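# the amino acid sequence is not available; the structure is as follows:
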């Protein structure tokens with residue numbers, strides 16, 4: 001994942017597939033509620049499109 005900041009909101013972009021994790025939206029597939037920072041995602045979180053880990 002690479003980090004991107006726009007308008008004061010930090011988003012993370014999967015370097016494998018381009019999926020953007022936006023903490024304001026969360027991740028419905030992985031049952032992550034809006035408002036959860038990328039750093040606070042569970043240890044086993046994976047990209048919902050390509051299943052890459054957050055490392």
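Arrived safely, thanks for sending. Being a predicted model, the structure only gives us computed values, none of them experimental.
# stretch 21-28 spans what distance, first to last residue?
End-to-end span of stretch 21-28 (CA to CA, to the nearest Å): 11 Å.
# just the buried positions in it, please.
Of the residues in stretch 21-28, those buried under the neighbour-count criterion (16 or more other CB atoms under 10 Å) are 21, 23, 26, 27. In short, each C-beta sits where N, CA and C put it, glycine included.
# just how off-centre is that stretch within its chain?
The chain centroid and the centroid of stretch 21-28 are separated by 6 Å, computed with CA atoms, centre = their mean, to the nearest Å.
# then stretch 27-38?
In terms of CA atoms, centre = their mean, the centre of stretch 27-38 is set 8 Å apart from its chain centre.
# same deal with stretch 30-43?
Centre-to-centre, stretch 30-43 and its host chain are 7 Å apart (CA atoms, centre = their mean).
# same check, this time on stretch 43-55
Taking the mean of its C-alpha atoms, stretch 43-55 sits 8 Å from the chain's own mean (CA atoms, centre = their mean).
# list the buried residues for it?
In stretch 43-55, the ones that count as buried by 16+ other CB under 10 Å are 45, 46, 47, 54.
# about what we covered before: closest one of the buried residues of stretch 21-28 to residue 7?
Looking at those and their distance to residue 7, the nearest is residue 23, at 12.8 Å (CB to CB).
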